[in-house]
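Q: Kindly generate the corresponding structure for this input.
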Amino acid sequence: MLALAYDRSAFYRRTFDAAGFHPRDLHSLGDIERLPMIDKQTVLDNLSDMCTRSTNGKDVDFGSTGGTSGKPLHFYLDAGRSYIEYAYLTSTWERAGYRLGMPMAVLRGRIVRSDRNGFLHEYDPILRHHYYSNFHLNDENMERYLGHLRGIGPCMFHAYPSSAHAFAKFILANDASGPGNVRGVLLESENVYADQLADIEKAFGARVLAAYGHSEKTILAAQCEYSRNYHVWPTYGYFELVDSGGKSIREAEQEGEIVGTGFINTVVPFIRYRTGDYATYVGEHCEACGREHTIIRDVKGRWPQGGLIAADGSVVSMTTLNVHDDTFRSIREYQFHQSTPGKAVLCVIPTTSLDEDEQRRIIANMNKRLQGQVVLDLEIRTELLKTARGKQPRVIQKGARETGPAQ
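A: The predicted structure is shown next:
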């Protein structure tokens, strides 16, 4: 990856030369520390120079992530990376009981259309995935999801932690028996909390396995079969944990920021990329399973829970609001403001002047994604609201939660 970056990326050639480093100088893993770290702002400022080839071909995909601050990050990826990533994911899921070909019930960010009976469900016959709508988590729909889930045979349940917890709370509050056919619960994309794990395991009666990854594809880690510790896949990307001064952490029980050098994206190499996520270092060997992987725990990702309040009182999670297409191609920063359930204002700071067609495109894309649960209006601003500490929340609530319908 270092050789590819040096040979074909103008940005990395300049960076390596300025550091007095050439890829042939990499004689041990520690030598990579001679290179400076990059972050989200680096990519925002240098994307075109970071690319190793033309981004117009069919072998390149456009990638995007909003981040919790609502500052869109755009980049490019290999179109074929999904096949590689799927191998890692299925190997990870096997720790919780998954086997290839097993059905999977999915409650994540997919837009799901209702059938002629008004049931929000879609089926992928190749992957054998049953998709339910994460945008419609009210009691009536969750009862229908539960009934359908019980009938699909031995399966896995794949969800955002906040969605799985809402579903678990529904089961426990209604004294309903859990879906006994679920062999394991897979949680990804948000922070996971101990009380959620307890409720989810009680409701489903199955092993819960959490995994950590991100859109930039630099690091992938998942919990061990025998503990809540995360094992980092060493061939997916090179993992570093650094302290506030940027020094590598190698002592157990120290917390630091996750820094990654990805191996599966050759279009835009992310080399020593500061993820903004944090974890506590445990060691390099797991006594329970025998893996010689870097071990971490207490992973704190960028994606906290919470979001917009839908018209029916359910919560549209912040993670669901993260778009990965070109919706925000003309937007530098954005923020949701809400004071009434089912309605919100999308406040944006554009990179250039937004004509009426572009404004309509943005709102149409987002309203389609929200499926009528929350209707958005667009407002162009020159600055967005920040907290007293200078942080810029992605969602500003002004009483919507208090005035929403009772759950």
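Q: can you tell me which residues contact Arg381?
A: Contacts here follow Cβ atoms under 8 Å, 6 or more residues apart in numbering; on that basis Arg381 touches 347-349. In short, each C-beta sits where N, CA and C put it, glycine included.
Q: would a markdown table of these with secondary structure, pLDDT and distance to Arg150 be doable?
A: Output for those, formatted as a markdown table (DSSP: H, G, I helix; E, B strand; the rest coil; pLDDT from 0 to 100; distance: Cβ to Cβ, whole Å):
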| residue | secondary structure | pLDDT | distance to Arg150 |
| --- | --- | --- | --- |
| Cys347 | strand | 91 | 43 |
| Val348 | strand | 89 | 43 |
| Ile349 | strand | 84 | 47 |
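Q: Out of those, flag the one nearest to Tyr334.
A: Val348 (4.6 Å; Cβ to Cβ).
Q: The closest one: what's it in contact with?
A: Neighbours of Val348 in contact, by Cβ under 8 Å, 6+ apart: 328, 331, 333-335, 354, 362, 378-381.
Q: at 6 Å what do you get?
A: Contact partners of Val348, counting by Cβ atoms under 6 Å, 6 or more residues apart in numbering, are 331, 334, 380.
Q: Now which of those residues would you call buried?
A: The neighbour count (16 or more other Cβ atoms under 10 Å) marks 331, 334 as buried among the contacts of Val348.
Q: between the contacts of Val348, which is closest to Ser317?
A: Tyr334 (16.6 Å).
Q: State the distance from the closest one to Lys368.
A: 17 Å (Cβ to Cβ, to the nearest Å).
Q: Could you do Asp7 as well?
A: From Asp7 across to Lys368, the span is 42 Å (Cβ to Cβ).
Q: now swap in Val192 and tell me
A: With Cβ to Cβ as the criterion, Val192 and Lys368 are 29 Å apart.
Q: Compare those two and say which is more crowded by neighbours.
A: Taking neighbours as other Cβ atoms under 10 Å, Val192 and Lys368 compare with Val192 leading, 25 against 11.
Q: quick one: which of the contacts of Val348 is nearest to Asn134?
A: Of all the contacts of Val348, Tyr334 has the smallest distance to Asn134: 20.3 Å, by Cβ to Cβ.
Q: where does the closest one land on pLDDT?
A: pLDDT, Tyr334: 81.
Q: Under the pLDDT cut-off, which ranges of the stretch 251-400 of the chain? List them.
A: Applying pLDDT under 70 to the stretch 251-400 of the chain flags residues 302-306, 318-324, 386-393, 399-400.
Q: now the strands: where do they sit in it?
A: 255-262, 273-283, 295-300, 307-309, 315-317, 331-340, 343-350, 375-380, 395-397 (DSSP state E, counting those that start in this stretch).
Q: cool, and the stretch 101-250 of the chain?
A: Counting by DSSP E, counting those that start in this stretch, residue ranges of the strands within the stretch 101-250 of the chain are 104-107, 121-124, 129-132, 155-159, 182-187, 207-212, 221-223, 230-232, 237-242.
Q: Turn those strands into a markdown table, including mean neighbour count, mean pLDDT and distance to Phe167.
A: Shown next, in a markdown table, are the strands of the stretch 101-250 of the chain (neighbours: other Cβ atoms under 10 Å; pLDDT from 0 to 100; distance: least, Cβ to Cβ, whole Å):
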| stretch | mean neighbour count | mean pLDDT | distance to Phe167 |
| --- | --- | --- | --- |
| strand 104-107 | 22 | 96 | 7 |
| strand 121-124 | 15 | 96 | 14 |
| strand 129-132 | 22 | 96 | 9 |
| strand 155-159 | 23 | 96 | 7 |
| strand 182-187 | 23 | 96 | 10 |
| strand 207-212 | 22 | 94 | 12 |
| strand 221-223 | 24 | 95 | 20 |
| strand 230-232 | 23 | 97 | 24 |
| strand 237-242 | 21 | 97 | 31 |
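Q: one step back: of the strands of the stretch 251-400 of the chain, which approaches Phe204 most closely?
A: strand 315-317 (19.0 Å).
Q: Identify the residues contacting that closest one?
A: Contact with strand 315-317 is made by 135, 160, 162, 307-308, 310, 373-374, as judged by Cβ under 6 Å, 6+ apart.
Q: so what secondary structure elements neighbour the host helix or strand of Asp49?
A: Element membership for Asp49, per DSSP states H and E: helix 40-50. Counting contacts by 3 or more Cβ pairs under 6 Å, 6 or more residues apart in numbering; DSSP states H and E, helix 40-50 packs against helix 10-18.
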